[in-house]
Each structure stands twice: as structure tokens, then as C-alpha cells.
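> I would like to see how this sequence folds:
(3 chains)
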Amino acid sequence: MVFVQSSAETAGPNLLEVRGLTKIFGTLKACDGVDLTIAKGEIHALLGENGAGKSTLVKMLFGSLEPNDGVISWNGEPVTIASPSMAKKLGIGMVFQHFSLFEALTAAENIALSLQADTPLSTISAKARALSYSYGLPLDPEALVGDLSVGERQRIEIIRCLLQTPDLIILDEPTSVLTPQEADKLFETLERLRAEGKSILYISHRLDEVRRLCDRATIMRHGKVVGHCDPRQETPSSLARMMVGSEVKNAERPPSAASGEEILGICGLSRKPAGPFSMPLKNIWLSVRAGEVLGIAGVAGNGQGEFFEAVSGEARQEAGDAIRIRGQQAGRLGISARRLLGAAFVPEERLGHGAAPRMKLSENLLLSRHRTDRKAFIGTGGFVKSGAIQSAAQRIIKAMDVRKSAPDPEAAALSGGNLQKFIIGRELDRQPALMVVNQPTWGVDAGAAARIRQALIELARGGSAVLVISQDLDELFEMSDAIAVMHNGELSKPIPIAEATLEKIGLLMGGAEPGHVHVSAETA
Amino acid sequence: MRLELVKRPQQSTLFAAISPLIALGLTLVAGAIVFAMLGENPFEALYYYFVDPLRELWSLHELAIKAAPLIIIAVGLSVCYLSNNWNIGAEGQFIMGGILGSMLPVLFPTFQGPLVLPLMLLMGLIGGAAYAAIPAILKTRFNTNEILTSLMLVYVAQFFLDWLVRGPWRNPEGNNFPETRRFHPDAVLPELFPADGRANLGIVFAIVAAILVWLLVSRTLKGFEVRVLGASPRAGRFAGFGTTKMVFFAFMLSGALAGLAGISEVSGAIGQLRPTISPGYGFAAIIVAFLGRLNPLGIIAAGFVLALTYLGGEAAQISIGVSDKVARVFQGMLLFFVLGCDTLIHYRIRLVRSALKSDAAAVAKAAEPASEGA
Amino acid sequence: MGMAESILLTIATAATPLLIAAIGELVVERSGVLNLGVEGMMVMGAVCGFVAAALTGSPWLGVLCGILAGALFSLPFAFLTLNIATNQVATGLSLTLLGLGLSSMIGESFVGSPGVRLPNLFIPGLTELPLVGRLLFGQDPIFYLSILLVFAVTWFLFKTRTGLTLRSVGDNHASAHALGIPVIGYRYGAVLFGGACAGLAGAQLSLVYTPQWVENMTAGRGWIALALVVFASWRPLRVLAGAYLFGAVTIGQLHAQALGLGIPSQLLSSLPYLATIVVLVLISRNRRLTMINTPASLGRAFVPDR
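Numbering: from 1, shown residues only, chains lettered A, B, ... in the order given. This next block holds a predicted model:
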């Protein structure tokens, strides 16, 4: 590990100095005595895996969380940042990971809300337009946010932040919603801001971009700072070791045996937008065979959620043959009937969709299996066999190594990774012929993520078909035998993993002519 | 100073059990204050209100008569509220059950025999269920807010009953009084212990209904469906449970039970139809449902508590001359306190001393060099 | 005064309480809070307004007390739903139940006592104008206030920064909190304003519409006001239109009863309630439109993490 002295540091006091910052939620120390120094005019990376305490730390810096202990100094003066408006007054701006935007308002109104009052809306529109073009982030101030794509929404967040002329800009996982090409553009903007003398705190778990962009890095694990370094001097694997604390093995993917029969067939699936701001699906064709893992890439909000609902049967189709499961027409069937055909589903949202937060794990087991395992779990008169569901839940907990604090806790009491292991395990326990998973490892720590990926690959190699929808390209490249890309409600043809490159997939994610890639995919 | 809610990792079983008791205690304290403001000795007033009615056997019978409809309605409402269907029109379903159930003795007084009463009860169930189906249809077909429609239908039912007893169903031998003929003995709900007091079969219905619904909600797949769809509708759809079917199930079950309460009241306690057949049971049952924490067994106890406020109101008016309107004030306050205390089940409440003033000064000081630099 | 003119005047008098209560609730719902206690706050305004006017002889003090009573009475609701995150539907209901009980207790000794009516405006020359004189220049002050309120609320919501912030709180309270907007503060303001409006609407009932106190005299008007907000898709000017439509239905059925057309009076009396249902059905049918118009945070409890 190399400690670097930034040139700015010698020039005067650091812009921001944090000593011993601590935040406790109940019994959990989300941040435990964190130290952090940010110099003027540097891009500083904050690295750590999910749940390491990065978001908690920056929320305290932005005044949306109140620290239990510790000192924050700004330009050498100790300060207490009691609210986001105080943070803004100091000169701290923030671009949130989960945007803090208002869908029913226009872009200009959204921007106005975070600026000091008394600026008329028309002035804000003009300023926002000018600023957005000068940074190469074109933006229509009159557009309703609900109608915009995720990338466009992020632009609003960034413009809104820049209009406050902050000295420190905090970006929380900004590239997780961008295509690789869009991310490149963002990096140019950030480099330009650095050249203008602004400091940037850049939060990420993507090591390549940190090595490329950042001057210094602070690494967190389990709420503590475990190291500082110059990311350019490190390798991705040395950074990963610092983040995770141990070697993380990539999932092993034995060669595919995807000569099998078609398990899931999707033929010309279309769907009208379900809500005011949701995406229509346009003429989707896809075939997933026994033995293969098929990945679907795409920027968030391009129809993945709508697609999942259509495949799972939470939204039924008008035409029965739009979806075929093991040769049976399933388009008009509901989710329970599709499960009876051998399908299993894991949605993106764990709490409130894949699991009922305030119910016990054993009851949550019943959620997706009351129909398929009716004989085992439901007795005469519709009475639930509580002994049977409890022992089945314990079996899953053991098989997936779910860590918990009580014998049969509520779903909400589990960490994200452990709950996801339970939800995946609940379906694997049935040995489904088809498994459809949306964002399998979103917000999950590295150890649990590796275990989940390995389990899905093993399921496929055992003769099932696995369809994985993910925004994490690394994950898809690690798991899939072929990758298709979803953009604007349309799905590209799958590209075999041997031919797939980051650039090719990235272009498709950005909506490039699918035909171009089709050709190369078909010539293979 | 400000209040801060800290989410508990698990629901507090302790507070789940005692929160209704805390609420009762707070209501008593607030009640004492109200009595003191009315110029009464608060302890004496509370005694007459809450203890005196429990001292005599006939009075306990009256308590059971008042508790029965409250429990029957509230048990149905608990299924509605657990599944997140806001039926607040039980008063109307109560009236419609009473009307339909009374058809036989009013229109066919010569049809008598042991079959009459079961048929009346059945028609009461049907009347309430059918009337409750209206907001359910409007909610599922037209996306119409069920709170407002179910409530509007209460007024309509009240006017309908008023029209019947003043018009087509008025007792032909009744000197133009707005009431139907009195029910013949076969159409009257039998009393349990006629020697001691008036309590009738209604209280038996109430306890049986509560036990059956408790089994349904806590032990069966259907009950699981009710709870999942209410607490996390999206997870419910993921489970393959139908939202539309659940709306009908919850509304029609609670409507049927309200209708049963209606015909039991008309045939048991009153013995004929009148322009007003309920002292607001349909609304008081909402309080009962929440006081019982939406648990049918808890609702049995809660029903007796609310019944006591009715009896106590009458008793206090006679003995110390306090208006019986106080009863409704008690009931309203009770619901407030119950809802407030329920927060303790899910959250810890902390009082936090805020240091905002000194913070503002610190920021202003620190912001100066920053703005120079910008 | 001609028949048509007097009918129009009575329609205005019948529409005014609905309009005021609905405008207040509209602001509350725009901030993301659903207060089903309108009926309760309204009846408290009616009884307190009546009692204050009867005791002091001043209808003006009555109006003031009505407003204060409505606002004060909304406070327990605000505390429970905003500070300790109780279920808004149930808490609003309990406000209505408590209001109906408390008002009947407060007003018990005033049933049947003579009321004091708020005087109508009289401007020599203008009020005596034929046809429009009484309608435009001869009504009670609350009528003028109600019209003023509609336009003031429209301006506030859509032209001021505070109004924009209030709407943002109703759209997404988590985002608003992240930006440092005091969500609970804004909602307190909105709930108090809604309470004051409901109180004023109640005072209009007991000091203008029928200057006397009758138990439960609001007779479901608070609930109709709630329906009007949905009917109006949360737009103030549409509330104005809706309130006058309901005023017309109310007055129309009263006239029909007087004429004795052979229709049961009970059927006519239930017309306003049936009309509410019909109107709600018509407006809610378009699911998509309803979804766009409804404030997205409406009715959801907000617990800030700190």
C-alpha cells in the first residue's frame, strides 16, 4: 500500500477532514470511527462492498444522518452538519444513488427545489439549460421527470448539484445506471470539474473506473476504514482484497451443455405500459434451453421489470403462445400455474415483492410454494401445516448458509445478502426446470454474491434453464453462456459469451443499431 | 426537542400485548379530566361509569346484548382491515341485514315455525353481504375509493329503512307510528337465561364468529392470503393471490357478519323494525376492531369494553346526571390512544434534544472562508 | 326577488361549506396526507362557532371560534400521523368519531336555542341591482371568502415557491427529506390549514346556512368534501365546479320535496349521497389518469431516518 501526498495538501488546509465519525443503528455500528481527508482539487474514491458503510458515511457528510460521534472539519474549521441545507451552505453537493427526484414535477422544478428560494423558475430553466450544454449533458428543463430515462435523471441530479457551485461533490455509485459509453462521458465531466479546482468524493465498488479516474482512495470494510492508497498503483485484485478482506473466487463455469431442449420460449411478446411512467415491451423473442444461463443486460428502467412481470405471470398476456414453458402455452396463465409447469421466479425487490417484510421466514416460504407443494404444506380444510413449513425453512437456511439472529426471524430482520440467499434457496429447493432471476446480487455482499452465482450456474449445469436479468455487466460476463441486451423495451439477439465484449454490449445498452451486432452474432 | 422513531428489528411482543391496556389507561385519565371539567368528582363519575354497570346480573345481560353486535361486526372488519380494504360502511350493512332478515316476519307474518328464524338469519347474512358487494364491485371494476362509497351507502341505507317503516312496511294496526308490526315469537332470537336477564343468542353468535375467524386468519392458507395481500400487496401478487377476489372476500365476509349482527339485533333486542335500529354500532365496531388489535380473540374483550362505555353512559346519566353523550367522547378518545400506542409495537420512541441553534452558528462561521474560495 | 335568483342564492349557500372544506382538504392531500377527519373538524367548527356566537351575540366571533376549533382539533391528528406515524386512514376516522361525539356533548344545552346569523353584505346601489345584485353584492362574507380561497390556493400551489415545495413533499417525501425540506413541518402547516378550513365550513353551516345547532348537523358534508377532492383531480378550480354541482343537487332535491312530486322524500334526500358515488365512479374509471393526478405519497406514513 502506498500513501501519496497530494500536491493540494501542502498548499493549505484540507477541504474536508473527518475524524472518528461513528453512526450506530440500534446495535449495528454502520460507521465505526471513520477517518477521511479530502484535499482541494482531487477526485477521491471511497471503496467498499455493499454494506461497508459508504452510504452511511456520505449521508452524514451531507447532513441527512446525524453522527453519534466524531468531528467533521471544513476548511480547517470544525462544523456540525445538521441538515442537507447546511451542507449546501457550506458548499457540499450530492448526487444520490437512488435519486431524490420528484416524478410529477418538471426538471426545472426539481432543480429549483434544491436551490435557495427567490430565484424565478424561468431563470433556473435558462441557467440549467446553459450549464447542461456546457458540460455536455443535454437536458430539457420543461420535461416531466417521470418520463425521463435513468441516465437523463442522473443528469438532472448532477446539474442540480452543479448549480449550487459546490466545492465538494459527492457521487454515490453514479455509473451503476449508465452504459459504459455514458460512463465515459461522465468521467470527462468529472475530470473537467477537477481541473476547475473542485473536489469530488467518488463512491464505487467498480475497481476499473476507480483506477482510471481517482487520485486517492479510502477503503472501508464492515464500517471501518481499512486503508488508504493511490488506486493507480494498485491492481484490481489488490483493491478487491482490501475491500473484501480475503480472496474472492470468481464463480466456476464449466462448459455449457446447452444442446438441450427449449425450456422457455418467448414469441413476439409485447406489453402496453402498465402505469403512467412505465415502459412498453415491443415484440420480444427469446429462447432459453436446458443447461444454459442466459443473461439479459441493460440500463435500469429499460423494461426489465415489466419483462420480468410478463414472464412470471404477474402480468398475463392476451396470447397464450407469447410465453411457452416446457412446450406448454403459458401466456394466459397466472404465476401459480406457471410455477406448476416447473418455473421459479426471483424478483428484484426483496422486501415487499420477493418476501413480505413483517412475516417469518417460514411464512415467506409459503409465499412462492403454497401451490407447488400443496400436499406437503397445506392440510385438510386449508389449514397450514406449520411443522412442515418450519422444517422446510430450516432446510433452506442450512443449505444456503443463511445467517440470522433468531430461529425463525421476520424477513425484514435479515441483511440483504442473507435474505437473498433465502429467497434464492427457497426456489432452488424445488429444483425448478426454469429459473428466472431479476438482479440476483443487487446490494448483496461479495461472499453471498459468489455463493448465489455459483448456485445458479450449478442449477443450469444440472439440466435446468436459467434466465438472469442484471445491470451488473461483470456478473453477467461471469455467469452467462450468452447475453442479450434490453433497451427501450426491445431485446437484442443473444450474443454467445465467446463473442461478447464490453464494448459490444455497451453499444447495445445505449441503443445502438441492433442490426450491426446481429450480423456478427449470426456469422458466429 | 423532537420525537424520533427508531424502527424495531422485530415487532415487540410485549407492546403488542399491553398497548391496548395502556390505551385504556390513558382513556381513563383523559376521562377523569373531562369529568373534572364538567364539575363532577372524577373518581365518583368513573365509578358510576365503569364499575357500577358490572355489579348486577341483569346489567351484565345488557352488557352482552350491546357487546354482541359490536363483536360480530368488528370480527368481520378485522378481516377487511388486515387485507387493507377500508370498509367503513358496516352501519349500512347492519341496517340492510336487519331489513332483509325482517322480510319474513313483516311481510309474511302467518308463516311461522322453527324454520323462520334460521331463514331470517340467512337472509340477514345475504342482505349485508350483498350491500357490501357494492363498494367491492365499484372498487374492483371502476377503481373507486371504497372508503367514500361504503360510507355514502350508510346514509342511503338509513333513508331506505326510514322509508320502509314509514311507508310500505308500517304496522297497519300501529296508529301510524313509524314502525313495523312486532315479530311473532318464532321470529324472535331466544334468550339464553330468561330468568336472569335479556341476553340472547346473539352473544353466542359473536363468540363463535370470533373463534372461527381467528382460526381462518391465523391458521389457514386463506388467512395467510389475507395478511400478505394487506401488508405487502406486491408480494401477494407474487404469491399468485388474486387482489380482486380478496376485495370481494373481505367485503362480503364483513358485510355478511354486519348483516347477521343487524338481524340479530332487530329480532333479539328490538323485536321489530324502527327508523333507527342502531346506536352507531357499525362505527363503534371500527374502534372495537382496532382496540382488539385486529385479532378476533382480542376483539371479544374489546367488544365488552366498548359495550361498557354505552352502558356506563346510560348509568352515569341516571345516577349523576352527566350527559350520555360522554360515551361517544370516550369511544373517540379510546381509538386515538389505541392508534398512538400501536406505534410502540413497531418503533421505539425517543425524545431527542436538538442542538440546531449552535449548529447554525458553527455553519455560518465555517461557510465564510468557503464562500471566499468559491 | 325572482324564483331563479333565489334558487341560485340558495345553491351558493349550500355549495360554500363543501367548497371551503374541500379546498382545505385539497391542500392537505397535496402535501401527501389523507385526513378523513374532515367531518369531525367541520362539526366541531359548527358547534364552537354556534356556541361562541350565541354566548357573545357576535356572529363574527363565532366564525373566528369555528376556524380556531377546526384548526385546534386537527392537531391530535397531525401529532399522531406525522410525529408517531400512525395509520392515516384509521386516525382520520377516529378524528371524525371523536368530533361527532364531542360536538354533541358541547352543544347539548344549545339544541333549540335561537341562532345568530352572519349578516349579508349590503352595498347601496350595487346590491339593489336587478338580477345580479343580490347574487354578486348581497351575500354573506363567507361566500366571498370561499371564492377568494379558491383563487388564493391556486396561486399558492402553482405560482409560489412554498407551494412548489408543498407539492414536492406530496409527490415523494423521501426525496424531499433527502434535499433537506422539512417534510413534517410542511405537513403540519397543511393539516392545520385544512382544519381551519373545515372549521370555517362548519361555522358557515351553523351561522349562515341554518343558524342553529342540531346534533350531527354536517350530515356527511365532510365526506362529500373528501369525494370532491378526488372528483376534482386535486385541482382547486375543479373543486369550485364540483361544489356548485353538489350545491345544485342538494337544493334541487329540496325543491322537489317541496313540490311533492310523489317521489318518496327519503329517496330525494339520499340523492346527494348517491350522486357522490356516481361521480366518484365516473372520475375513477380511468385508472391511468387517477394514478397521474393522485399525489404519490398520499396516505403513506413517513418516518425519517436519522
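> so who does residue 61 touch?
You didn't pick a chain, so chain A it is. By CB atoms under 8 Å, 6 or more residues apart in numbering or on different chains, A:L61 lies in contact with A:16, A:18, A:72, A:81, A:87, A:92, A:170, A:201. Glycine gets a C-beta too; all of them are placed from N, C-alpha and C.
> try chain C instead
Contacts of C:L61 were listed using CB under 8 Å, 6+ apart, and they are C:52-53.
> ok, now B:S267?
B:S267 sits next to B:101-102, B:105, B:117, B:120, B:183, B:187-189 when contact means CB under 8 Å, 6+ apart.
> repeat for C:L166
By CB under 8 Å, 6+ apart, the contact list for C:L166 reads C:27, C:30-31, C:157, C:186, C:189-190.
> show me these that map onto helices.
In this view, the contacts of C:L166 that belong to helices under DSSP state H are C:27, C:30, C:157, C:186, C:189-190.
> please report how far C:A201 lies from A:A393.
Counting by CB to CB, to the nearest Å, the gap from C:A201 to A:A393 is 55 Å.
> which of the two has more neighbours?
Between C:A201 and A:A393, counted using other CB atoms under 10 Å in any protein chain shown, the more crowded position is C:A201 (34 against 24).
> and the more buried one, what pLDDT?
Here, the pLDDT recorded for C:A201 equals 97.
> for whichever strand or helix holds it, buried residues please.
Using DSSP states H and E, C:A201 falls within helix C:183-204. Neighbour-count burial for helix C:183-204, counted by 16 or more other CB atoms under 10 Å in any protein chain shown, picks out C:183-184, C:186-204.
> which of the contacts of C:L166 lies closest to C:V239?
Among the contacts of C:L166, C:V27 lies closest to C:V239 (CB to CB), at 10.6 Å.
> ok, that closest one - contacts?
C:153, C:157, C:166, C:190, C:193-194, C:197.
> do the same with B:L311
If you count contacts by CB under 8 Å, 6+ apart, B:L311 has them with B:53, B:59, B:62-63, B:66.
> neighbour-wise, which of those leads?
B:K66 (26 neighbours).
> my guess is it is in a helix, correct?
Yes: secondary structure of B:K66 (DSSP: H, G, I helix; E, B strand; the rest coil): part of a helix.
> and the pLDDT for it?
95.
> roughly how far apart are it and B:M333?
B:K66 sits 19 Å away from B:M333 when distances are taken as CB to CB.
> got it, and B:I22?
Distance from B:I22 to B:M333, by CB to CB: 13 Å.
> give me the low-pLDDT residue ranges for the stretch 251-400 of chain A?
Applying pLDDT under 70 to the stretch 251-400 of chain A flags residues A:251, A:256-259.
> and the helices in it, which stretches?
Remark: helices assigned in the stretch 251-400 of chain A by DSSP state H, counting those that start in this stretch are A:304-312, A:335-340, A:361-369, A:374-377, A:386-400.
> name the nearest residue to A:S73, sequence neighbours excluded.
Nearest non-adjacent residue to A:S73, counting by CB to CB, 6 or more residues apart in numbering or on different chains: A:E17, 4.2 Å away.
> then C:L19?
Of all residues not flanking C:L19 in the chain, C:A243 sits nearest, at 3.7 Å (CB to CB, 6+ apart).
> what pLDDT does that neighbour get?
Looking at C:A243, its pLDDT is 96.
> next: A:V177.
76.
> which stretches of the stretch 401-524 of chain A form helices?
Along the stretch 401-524 of chain A, counting by DSSP H, counting those that start in this stretch, helices occupy A:416-428, A:446-461, A:473-479, A:502-509, A:514-523.
> against A:I424, how distant is the residue of the stretch 1-150 of chain C found nearest chain A?
Closest to chain A within the stretch 1-150 of chain C is C:R30: 10.6 Å, counting by CB to the nearest CB. C:R30 sits at a distance of 42 Å from A:I424 (criterion: CB to CB).
> pipe the contacts of C:V27 into JSON lines and attach pLDDT per row.
Shown next, in JSON lines, are the contacts of C:V27 (pLDDT from 0 to 100):
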{"residue": "C:V153", "pLDDT": "97"}
{"residue": "C:L157", "pLDDT": "95"}
{"residue": "C:L166", "pLDDT": "96"}
{"residue": "C:A190", "pLDDT": "98"}
{"residue": "C:F193", "pLDDT": "98"}
{"residue": "C:G194", "pLDDT": "98"}
{"residue": "C:C197", "pLDDT": "98"}
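> widest-spaced pair of the residues you listed?
C:L166 and C:C197 (14.9 Å).
> and the residue of chain A nearest chain C?
At 3.1 Å from chain C, A:P84 is the closest residue in chain A, using CB to the nearest CB.
> just to be sure, C:S104 is in a helix?
Yes: per three-state DSSP, C:S104 lies within a helix segment.
> quick one: B:L351 and C:N83 touch, right?
No: in terms of CB atoms under 8 Å, B:L351 does not count as a neighbour of C:N83; the distance is 11.2 Å.
> since that was my last question, I'll sign off now.
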